[in-house]
Structure formats: structure tokens, C-alpha cells
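Participant: Sharing a sequence plus its predicted fold:
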Amino acid sequence: MINSRRVRRWTSNLMVGVVGFTVIIGILPLFLILGTLLVKGAGSLNLAFFLETPAPVGETGGGVAHAIVGTLLIVAVACLIGLPIGIAAGIHATEFPGTRLSLTTRFLADVMNGTPSIVVGVFAWTWVVVRQGHFSGLAGSVALALLMIPMVMRTTEELILLVPNALREAALALGYPRWRTSLTIVARTALPGLVTGSLLAVARIAGETAPLLFTALGSQFMRTDVTQPMSALPLAVFAYATGPYEEWHRLAWAAALVLILVVFVLSLLTRLATRQRFDSRG
Amino acid sequence: MAVTMVIGNTHELAASLFAPGYTMAAVVANEFTEASTDIHFAALTYVALALFVVTLAVNALARFLVWRVTRRASGTGGGR
């Protein structure tokens, strides 16, 4: 009896140790990446890096302001296209389960989720860049939106499923039509989760390079017109890191650090904004 | 993209995992902006299509496995 208890306790401790060890292995890359970026990139960060466009090759200084603006614009337009479609599809797939349309949507979302981002880039090139006649930030937004839609749809589904059925029944009993129940009761209850889900998708696509390579193309200048080629932070990192100059490698580390900071600040801001709103509503 | 930067991007077929190689995604990423002839674009788009088919096949296989397991578990099938 006592013996078996001792064995059990020993096994338990051993397993807790194994779990802790795997957790450390899982988290370690995150800190390694952050650490490397800080060590190699932080030294190149200064105010000019955020406010200036690149200096000509051979000169030191210059910044990535054009890429920061580009990333913000491209991602914003991608959100405008992708979020409504993704959220609507997710609501439909869970509020009307079992219909042929929702089953098809869910299967297609699975396929799209597994599609390599470079393939999505080729798709956007064929349908937007070729039609338009030149590269544009808009084409990049379309590619990123296509990547967003299945991600947003999947998280929306999970969150809508968490809404208790009693809420739906109460709304229907009060005479709400089905569409108002879904939109103003179910979706609103799940809203904080939807915001978080959308943010995760934004964080994912903000770092995508492959779909932007031959849609947004990149640029050395400050551009605010999304119908023109524009730069983005991942593009700048890729161009600088694979470039031949030592100075460029230094810029690549710093730009990568800025990319992580931008994503971090974005999610932090949205978190704060939404938390206040929902606290005041009670 | 992460692979493109480190794999070496060589057009030769290497037998060793430790020798530089190339992936389909890396080929498209590297050559698409530099392609100038229609046949080059067509070839690269074909690579993308092949890549898509591969992922589609893997996806379908995964779906099939999940479907078989849920069917066996619930006896008559169904489940979400």
C-alpha cells in the first residue's frame, strides 16, 4: 500500500518534471529570437530610424518609416476586406450548422488554411497585378485578406459555439427574427473574443513576406497611395537581410525588431481599447 | 520565406540533406519578380499549382483519417 503510494508520487513528480522541461523547450525559441533581435537590432534603433526613409547605398543612417507606413496601410486594407467576410462566414457556419452551404464553407476554409502563402501571392498577382498592369499595395492587401479569412472564420466559429443556447432561445422567444438574434445577441456576446481572434489574425499576417513579394513589391520611397507599389516591414527585412552590404544586415536586424514591436503595440492598444469598452458596459 | 533565406537556393539536385537545396516555395519567391517571359511565368505558376495540389492532398488525407477515427469511435458515424 505504502509502497504503491510512493511509486505513484515518484511517477507524478517525474511526469511534472518532464512537462516542465518540455514547456521550457517550447518557450525557449521565443526568448532566443527576442534576445537575438534585441542584441543585434537595438543598437541601430534611434528616432531617425522611425522617421526617415532609407539612405542611399554607402551612406549610414536612414530609416524604415516608409515600410512602417506601408505595413500599417496594407494590413488596414486587408482587414477591411478580410474581417467582414471571415466573421460573417464564421457566424453563418455555426448559426446554421449542417446546411450544405456551411459544410462547404467549412471545408473550403480548411483547404485555404493549409494553402502556402506564396501560392496566395501568385493568385493575387494573377488576378490583381496583371489586371491592374502594375504592382500595388492593394494587391498585397488582397493576398493578406485571403490568408486572413479562413483564420478569422475558424476562431469566429469556436467563439460563437461558446455562446449559451439559452441566450438564443430567449431572444427568439421575445420575437427577434433569426438574423437579429445572430447579429445583435450572439455576435455581440462573443464580441470580445472576436476582437481577440481578429487581432491574432492581424499579428499573423503582419509578418507575412511571401504574399507581398510580387504584389506590393516594395519601394524605397514613402508612399500612401495603396494603388501604387509600396514597402512593408517584412519586405524590408527580407531585402536587407539577403542584400550584399554589411550596413543592410544591420538595418535588417533593426527592422525585424521594429516589426515585432509594431505587432506588439497594435495588439496592446486594441486590448486596452476593447477592455475599457466592455468594462463600462458591465 | 524562412526556408528561402537559409536553404542555399541551388538548382542542382543534391542527395544529401546537408547540401544546399531548393524548395518549391523558394523557387517561386526568388524567381517570380525576375521572370520576364510568358513561359517563365507559366512555369512558376505551375510550380505554385503543384505546391497547392500537394497541400490539398495532405489536407484531404488528414480529413480522411479524422473522419475514419470519429466513425469508429461513435459506431455509426457523425460527430462534428
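Facilitator: Happy to help now that I have it.
Participant: Show me how far the lowest-mean-pLDDT helix or strand in chain B is from its chain's centre.
Facilitator: Counting by mean pLDDT, DSSP states H and E, the weakest-scoring helix or strand in chain B turns out to be helix B:2-6, with a mean of 80. Relative to its chain's centre, helix B:2-6 lies at 15 Å (CA atoms, centre = their mean, to the nearest Å).
Participant: Can you identify the element that follows it toward the C-terminus?
Facilitator: helix B:24-31 (DSSP states H and E).
Participant: And that next one, what does it pack against?
Facilitator: Secondary-structure packing of helix B:24-31 (3 or more CB pairs under 8 Å, 6 or more residues apart in numbering or on different chains; DSSP states H and E): helix A:117-124, helix A:210-213, helix B:2-6, helix B:38-74. Where you see a C-beta, it was placed from the backbone N, CA and C, and this is true even at glycine.
Participant: Relative to the whole chain's centre, how far out is the longest one?
Facilitator: Relative to the centre of its chain, helix B:38-74 is centred 8 Å away, using CA atoms, centre = their mean.
Participant: So for that helix, mean pLDDT?
Facilitator: Averaged across helix B:38-74, the pLDDT comes to 89.
Participant: same for that helix, what does it pack against?
Facilitator: Helix B:38-74 packs on helix A:100-114, helix A:117-124, helix B:24-31, going by 3+ CB pairs under 8 Å, 6+ apart.
Participant: Could you list the residues in contact with the least confident helix or strand of chain B?
Facilitator: A:238, A:241, A:242, B:23, B:25, B:26, B:29, B:30 (CB atoms under 8 Å, 6 or more residues apart in numbering or on different chains).
Participant: mind putting those in a markdown table, distance to residue A:64, neighbour count and pLDDT included?
Facilitator: Formatted as a markdown table, the contacts of helix B:2-6 follow (distance: CB to CB, whole Å; neighbours: other CB atoms under 10 Å in any protein chain shown; pLDDT from 0 to 100):
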| residue | distance to residue A:64 | neighbour count | pLDDT |
| --- | --- | --- | --- |
| A:238 | 13 | 23 | 90 |
| A:241 | 13 | 15 | 89 |
| A:242 | 16 | 14 | 87 |
| B:23 | 28 | 15 | 86 |
| B:25 | 25 | 21 | 87 |
| B:26 | 25 | 20 | 87 |
| B:29 | 21 | 26 | 87 |
| B:30 | 23 | 15 | 85 |
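Participant: between the residues you listed, which is nearest residue A:85?
Facilitator: The closest of the contacts of helix B:2-6 to residue A:85 turns out to be residue B:25 (CB to CB; 25.4 Å).
Participant: Give the closest residue to that closest one in space, chain neighbours not counted.
Facilitator: residue A:118 (4.6 Å; CB to CB, 6 or more residues apart in numbering or on different chains).
Participant: list the contacts for that neighbour?
Facilitator: Residue A:118 neighbours (CB under 8 Å, 6+ apart): A:210, A:211, A:213, B:25, B:28, B:29, B:48, B:51.
Participant: Including distance to residue A:53, could the residues you listed go into a markdown table?
Facilitator: Listed next are these as a markdown table, based on distance: CB to CB, whole Å:
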| residue | distance to residue A:53 |
| --- | --- |
| A:210 | 24 |
| A:211 | 24 |
| A:213 | 20 |
| B:25 | 30 |
| B:28 | 29 |
| B:29 | 25 |
| B:48 | 32 |
| B:51 | 35 |
